[in-house]
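**Student:** this one's structure only:
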């Protein structure tokens, strides 16, 4: 049973959706890194449910550091984070306790844990756990920003509606972190929100694609073959609930083009080497090349929908019909943005610590 990820900077997640609390342990950060509680609250708020396009479950996400932080500075020991669950309603799951929810991890969890898993709200498989990930990731995000490295994610598409592409990427990456609905074109954002509401009114849900850009990374980070930047990032990103695809740079669009269209030609100005294009998303041979790191994550439609569905009663071992009750998101792509940012920040802190040493992040 493994719930830990990372080599030098590591993250461990624990808790269940309707348990007393969720939490994380962030281990490997150097001592002396400043912790900004207000900054963490802002990042958690970007992940939180809001308005008609999110679940009615409202959690305050009142985090508490139980180790590793003293006088708002890291001590160098594991940072223990606790976030109480306050707005649980476990009775929503009693009537359907033995019915496997389509699209969820109910059966795979049953097969692995032999029926002993916590089924309330998805238990340990719930997106609720990502609040602890975002809290830990906020520490890493702030640390990276102090080193001139910034991460920004926008909804590239949702319900078939496409956002604008990155243009002034340095400015846009920073602006995205201030937007509750992260799009580059606000008019497209309004259309996306309406599409989410339309799906909700139909008792259904929608998915989307998130595109992330990282600026300020130097060339030379990462390893060839088995610890490539793409490989490590994909490993962490696929751990996020509902992520079903990850691509870098042009991604699957490479298949439609020729090499003459996709090769990024280098050029030099003084001592600075750069590239005329960035089709490869800032990575060559698994190692950063100094251009913005760009990747996309596919977020599937929320599995919990109000429509009636066929399923199995796992206790009676017979076919059944399910009508899901409770409070659910008609889309999670806008909330998943901050989870992707957090996971990216944790992984980059790990890669940078491996490259330059653990103390580099505190200097």
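**Tutor:** Received the coordinates, thanks. In this text, all values refer to a predicted model and were calculated from it rather than measured experimentally.

**Student:** so where is the stretch 201-350 of the chain shaky, pLDDT-wise?
**Tutor:** When the per-residue scores of the stretch 201-350 of the chain are filtered using pLDDT under 70, the ranges that remain are 326.

**Student:** Now do the helices in it.
**Tutor:** Here the stretch 201-350 of the chain has its helices, by DSSP state H, counting those that start in this stretch, at 229-237, 259-262, 333-356.

**Student:** out of those, which comes closest to residue 29?
**Tutor:** Judged by C-beta to C-beta, the one of the helices of the stretch 201-350 of the chain that comes nearest to residue 29 is helix 333-356, at 7.2 Å. All C-beta atoms are positioned from the backbone trio N, CA, C, and that covers glycine.

**Student:** what angle do the closest one and helix 229-237 make?
**Tutor:** With axes from the mean of the first three to the mean of the last three C-alpha atoms, to 10 degrees defining the directions, helix 333-356 sits at 130 degrees from helix 229-237.

**Student:** gap between residue 145 and residue 295?
**Tutor:** 19 Å (C-beta to C-beta, to the nearest Å).

**Student:** who has more neighbours, those two?
**Tutor:** Just comparing residue 145 and residue 295: by other C-beta atoms under 10 Å the higher neighbour count belongs to residue 295, 25 against 16.

**Student:** picking up where we left off before, do you know which of the helices of the stretch 201-350 of the chain lies nearest residue 196?
**Tutor:** The stretch from the helices of the stretch 201-350 of the chain with the least distance to residue 196 (C-beta to C-beta) is helix 333-356; that distance is 8.2 Å.

**Student:** what distance separates the closest one from the centre of its chain?
**Tutor:** A distance of 8 Å separates the C-alpha centroid of helix 333-356 from that of its chain, computed with C-alpha atoms, centre = their mean, to the nearest Å.

**Student:** If we go by neighbour counts, what in that helix is buried?
**Tutor:** 333-355 (16 or more other C-beta atoms under 10 Å).

**Student:** now stretch 174-187
**Tutor:** In terms of neighbour count (16+ other C-beta under 10 Å), stretch 174-187 has its buried residues at 176-177, 179, 181-184.

**Student:** Could you dump these into TSV and include pLDDT?
**Tutor:** Putting the buried residues of stretch 174-187 into TSV (pLDDT from 0 to 100) gives the following:
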residue	pLDDT
176	96
177	89
179	95
181	96
182	97
183	98
184	98
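
**Student:** any chance of the residues you listed in TSV, plus secondary structure and distance to residue 77?
**Tutor:** Output for those, formatted as TSV (DSSP: H, G, I helix; E, B strand; the rest coil; distance: C-beta to C-beta, whole Å):
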residue	secondary structure	distance to residue 77
176	helix	33
177	coil	29
179	coil	35
181	coil	38
182	coil	34
183	coil	40
184	coil	41
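
**Student:** of the residues you listed, closest to residue 55?
**Tutor:** Taking C-beta to C-beta as the measure, residue 181 is the one of the buried residues of stretch 174-187 closest to residue 55, at 15.7 Å.

**Student:** tell me the contacts of the closest one?
**Tutor:** Contact partners of residue 181, counting by C-beta atoms under 8 Å, 6 or more residues apart in numbering, are 155, 189, 192-193, 334.

**Student:** Could you rerun that using 7 Å?
**Tutor:** Residues near residue 181 by C-beta atoms under 7 Å, 6 or more residues apart in numbering: 189, 193, 334.

**Student:** again with residue 231
**Tutor:** residue 286.

**Student:** For residue 345, see how far away it is.
**Tutor:** Distance from residue 231 to residue 345, by C-beta to C-beta: 18 Å.

**Student:** need the helices for the stretch 1-150 of the chain, in chain order.
**Tutor:** With DSSP H, counting those that start in this stretch, the ranges of helices along the stretch 1-150 of the chain come out as 37-47, 106-113, 130-146.

**Student:** Among those, which comes closest to residue 21?
**Tutor:** Closest to residue 21 of these, according to C-beta to C-beta: helix 130-146, at 9.0 Å.

**Student:** quick one: contacts of the closest one?
**Tutor:** 11, 13, 15, 22-24, 26, 33, 35-36, 39-40, 43-44, 47, 59, 61, 63, 81, 83, 151, 240-241, 338-339, 341-343, 345-346, 348-349, 361.
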